[in-house]
Structure formats: C-alpha cells, structure tokens
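> the following block contains a protein sequence and its predicted model.
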There are 2 protein chains.
Amino acid sequence: MKQMEDKILKEGVVLPGDILKVGSFLNQNIDTQLLNQMGQEIARLFEAENPTKILTIEASGIAIAAAAGLAMGVPVLFAKKHITSNVDGDVYSTVVHSFTHNADYNVVVSKDYLRAEDRVLLVDDFLANGKALEGLMDLCDQAGATLVGVAIAIEKCFTGAGDKFRAQGVRLESLAAIESMSENEIVFRS
Amino acid sequence: MKQMEDKILKEGVVLPGDILKVGSFLNQNIDTQLLNQMGQEIARLFEAENPTKILTIEASGIAIAAAAGLAMGVPVLFAKKHITSNVDGDVYSTVVHSFTHNADYNVVVSKDYLRAEDRVLLVDDFLANGKALEGLMDLCDQAGATLVGVAIAIEKCFTGAGDKFRAQGVRLESLAAIESMSENEIVFRS
C-alpha cells in the first residue's frame, strides 16, 4: 500500500535492534486519514473471505482492527494481555512471550465472543517474530473457529515469520512489507 | 444517544460493586455499527470546538477515539499505562490509581505528540470515579494544551464525578448517562 510505504519513509525511524519507530502515525499518535485508507485496503483484500469477526490484541492493534471493522461492517474483538497467571474458566487463554518487555503474558478472550462458527480475520500493527500472531491463532483453534486471513500493517520480512505462516497456507497480507532496513535505508518487498 | 441506551438495556449486565458489563458490544467485543454511530455523534457534538487532537487512554478507549477521529478527520493519541516507575524524560507522565486492579499506573504520552497549540478532545469508554480523566487532563496541562471537551461513552452519574467536572467548567458529554442501576433496572438521566 503506497500511502503506508510513503509514510514509513517520511516519518519512520529505524533504531538499533531492528526497531522501527512509527509512533508519530501508527501506534501512539494515529493519523486517521491513513487509518481510514488502511481500513479500506484491508476490506478490499479480505471482503471476499466473508469474515464474521476481526480479532486483534491490545493495545496498538485496536485502532487498525476498528478501522477495518468499520470499513467491512464486521465486529472487532480484542484479546487482552495479563501479566497475572489467574485466568478464569470462561476464557480461551494462551501464553505469548514479549521480547520487547522480556515477559510472558496470558492473552485471553472470552468464550462468549469467539465461536466455532466464526470466520476470523486477524489484524495487528506489526509482524516481527510472529509470537503474538501464533497466540491469536491458538485462541482461534481453541474456539474451533476458521481462520480466513491475517492483515498486518507492517511486516518485517527479514525475520522470516510472515513467509513461514504463508508456507503453512495462511493468507497473510501486509500493507507494508520491509525486506531490509537500516538507519539510512528502508527497502520494501516489491 | 438512543442507540447506546438501547444497547445497554439489551446487552448490559449489572454486577455487584456497581459494575456494568458491556463486553459484548463496547470494551472487548465491539459492535462496529454502534461504533460508527458513536463516532458520528461525538463529531456532531464537538466539531464546532475544532479539536486538533483526540486523546484517550489504552486500551478500551482506543476504538471509540479512533471512530471519533475517523469521523472528524482528527488525529488520535493514546496515553500508555505502565506499572513500572521508569519514565524517561521525553514524556509527560501522571499517576492514575485503578480501583479495578488496585494498582497505581504511570500514564504517559510522548512530548512529541501533545503540544501547547493543541486543542484536545478527551475520549473514554467509562466515566466512574474520574481518576483516568483527571490523569489525562493533567497530561494536557503539562503540555500547555487547551482542553475543548470530554466525550464519554457511558457515564455513571451516581458517582458525581461527571457533574464535578461540569461544575469546573469542563464541557463533558456522555452518549449514555446512567442515573442509577441495579440487577433489575437501569435508569438513564433524561
């Protein structure tokens, strides 16, 4: 998606440790014009899959999932992250390791809101190591729901995680796919 | 806002401790048709104030703020909650006590994204004791920004917090304002 790539080139900042800072428009301050375009693009890519639910993970996936849900008229569900180990029986739960915070999180959704008959589109802001995505897929599996696709705002292709999911047959689409990045240059997958 | 009141009457569940559970449509699973109406209504209420920034707090305020931002074409900023006490110098920071989790949080926004020239509309899902809102107002004060108003999805009027802010001259509008609630009855302010 050209608008996303342009924005990354204009405002993204590459930091040591393969970190791409996009707080000015995506995951702290949100450019709502771009957000609207992102929602429309996700709708265009996945409308034919007839998703019945968009699933994301708090916090920075929520705005993107909401924009996609608004564009497609599909409800949005966000999984909650808890550092605590107390999870009651009315939820599906999985453990996701965060490299950013060097901690394990319980990621949970209520069983009331994710059902076997659901066709689920996963949405998140970043795909790097794929751990959050694996957790969301695990929640879908537990519910017996059908995964119809994955929409990612920014994929770090160089980790290989996205291509690993694709090789498993997952339909994964990124609005911007970064092949390589350094302080001086960001190269997108063509 | 009639659609919000109707939804609360239909799906809201009152639990002991003055808790109103609205996870089925507002703060875990999100009804995007209602979300769109909420965004339009917040736009209608506050457009004339010409906000330049919508400020909310993660996580459950984000979708509502995004819908309002999309409807108004205004960027959305969300303050982050950290349990840690490490806050670096590039952020405005305030402490908010959560009664739900019985913990103090540092609530922070980057100084890059909240400026003295900003006209800020605060958006959140619930107004109960007003602590989160006070924290967001404190962040605006630190930035020297102008508070133009507050939009709340559901106000628990019986706490008195909303009317306290109004008495201080804050323009605070709720999409649903609950005067009293019990297991059997929810009464809205007329």
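Structure received.

> now chain A, which segments are flagged as low pLDDT?
Along chain A, segments meeting pLDDT under 70 span A:83-89.

> 80 instead?
Scanning chain A for pLDDT under 80 picks out A:83-89, A:99-101.

> quick one, helices of it?
A:2-11, A:32-46, A:62-72, A:131-143, A:161-167 (DSSP state H).

> highest average neighbour count across these?
helix A:62-72 (a mean of 27; mean count of other CB atoms under 10 Å in any protein chain shown). From N, CA and C alone the C-beta is placed, and that goes for glycine too.

> related to what we said a few turns ago, tabulate the helices of chain A (CSV), appending distance to chain B.
Formatted as CSV, the helices of chain A follow (distance: least, CB to the nearest CB, whole Å):
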stretch, distance to chain B
helix A:2-11, 11
helix A:32-46, 4
helix A:62-72, 4
helix A:131-143, 13
helix A:161-167, 24
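
> make CSV out of the ones you listed and add distance to residue B:39.
Below are the helices of chain A laid out as CSV (distance: least, CB to CB, whole Å):
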stretch, distance to residue B:39
helix A:2-11, 21
helix A:32-46, 10
helix A:62-72, 8
helix A:131-143, 25
helix A:161-167, 32
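
> quick one: which of those is nearest residue B:1?
helix A:62-72 (17.2 Å; CB to CB).

> elements contacting the closest one?
Where contact means 3 or more CB pairs under 8 Å, 6 or more residues apart in numbering or on different chains; DSSP states H and E, helix A:62-72 is packed against helix A:32-46, strand A:53-57, strand A:76-82, strand A:119-127, strand A:146-156, helix B:32-46, helix B:62-72.

> could you give the separation of that helix from the chain centroid?
Centroid displacement of helix A:62-72 relative to its chain, using CA atoms, centre = their mean, to the nearest Å, is 12 Å.

> over to stretch A:66-73?
14 Å.

> grab the nearest non-local neighbour of residue A:123.
residue A:65 (4.3 Å; CB to CB, 6 or more residues apart in numbering or on different chains).

> that neighbour touches residue A:53, doesn't it?
No. Using CB atoms under 8 Å, residue A:65 makes no contact with residue A:53, being 10.1 Å away.

> which residues do these two both contact?
residue A:76 (CB atoms under 8 Å, 6 or more residues apart in numbering or on different chains).

> can you list the residues of chain A near chain B?
Chain A comes close to chain B at residues A:23-24, A:28-33, A:35-36, A:39, A:58-59, A:62-63, A:65-67, A:69-70, A:72-78, A:80, A:83, A:109-110, A:112-113, as judged by CB under 8 Å from any CB of the partner chain.

> ok, back up a step: any chance of the helices and strands packed on helix A:62-72 in CSV, plus distance to residue B:10?
Output for these, formatted as CSV (distance: least, CB to CB, whole Å):
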stretch, distance to residue B:10
helix A:32-46, 27
strand A:53-57, 20
strand A:76-82, 19
strand A:119-127, 25
strand A:146-156, 28
helix B:32-46, 11
helix B:62-72, 19
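
> of all those, which lies closest to residue A:169?
Among those, strand A:146-156 sits nearest to residue A:169 (CB to CB), with 9.7 Å.

> kindly calculate the angle that the closest one makes with helix A:32-46.
Strand A:146-156 runs at 130 degrees relative to helix A:32-46, counting by axes from the mean of the first three to the mean of the last three CA atoms, to 10 degrees.

> what helices or strands is strand A:146-156 leaning on?
Strand A:146-156 packs on helix A:2-11, helix A:32-46, helix A:62-72, strand A:119-127, helix A:131-143, helix A:161-167, strand A:172-181, going by 3+ CB pairs under 8 Å, 6+ apart.

> give me that answer again for 7 Å
helix A:32-46, strand A:119-127, helix A:131-143, strand A:172-181 (3 or more CB pairs under 7 Å, 6 or more residues apart in numbering or on different chains; DSSP states H and E).

> residues in contact with that strand?
A:4, A:18, A:20, A:22, A:26, A:38, A:42, A:45-46, A:49, A:51, A:64, A:68, A:119-128, A:133, A:137, A:140, A:162, A:165, A:170-178 (CB atoms under 7 Å, 6 or more residues apart in numbering or on different chains).

> and stretch A:61-74, by the same measure?
With CB under 7 Å, 6+ apart as the criterion, stretch A:61-74 contacts A:30, A:35-36, A:38-40, A:42-43, A:47, A:51-54, A:56, A:75-76, A:78, A:123-125, A:151, A:153, B:30, B:32-33, B:35-36, B:59, B:62-63, B:66-67, B:70, B:76.

> ok, stretch A:25-41 next?
Under the contact criterion CB under 7 Å, 6+ apart, stretch A:25-41 has outside partners A:1, A:3-4, A:7, A:11, A:23, A:60, A:63-64, A:67-68, A:70-71, A:125, A:153, A:175, B:66, B:69-70, B:73-78, B:110, B:113.

> quick check: end-to-end length of that stretch?
17 Å (CA to CA, to the nearest Å).

> wait, residue A:122 sits on residue A:134?
No. Using CB atoms under 7 Å, residue A:122 makes no contact with residue A:134, being 10.5 Å away.

> centre-most residue in chain A?
Nearest to the geometric centre of chain A sits residue A:124, at 1.3 Å (CA atoms, centre = their mean).

> for that one, give the beta-bridge partners.
Note on residue A:124: beta-bridge partners by DSSP bridges are residue A:152.

> so what's it up against?
A:56-57, A:61, A:132-133, A:152.

> residue B:145: which of the residues you listed is nearest?
The closest of the contacts of residue A:124 to residue B:145 turns out to be residue A:61 (CB to CB; 26.9 Å).
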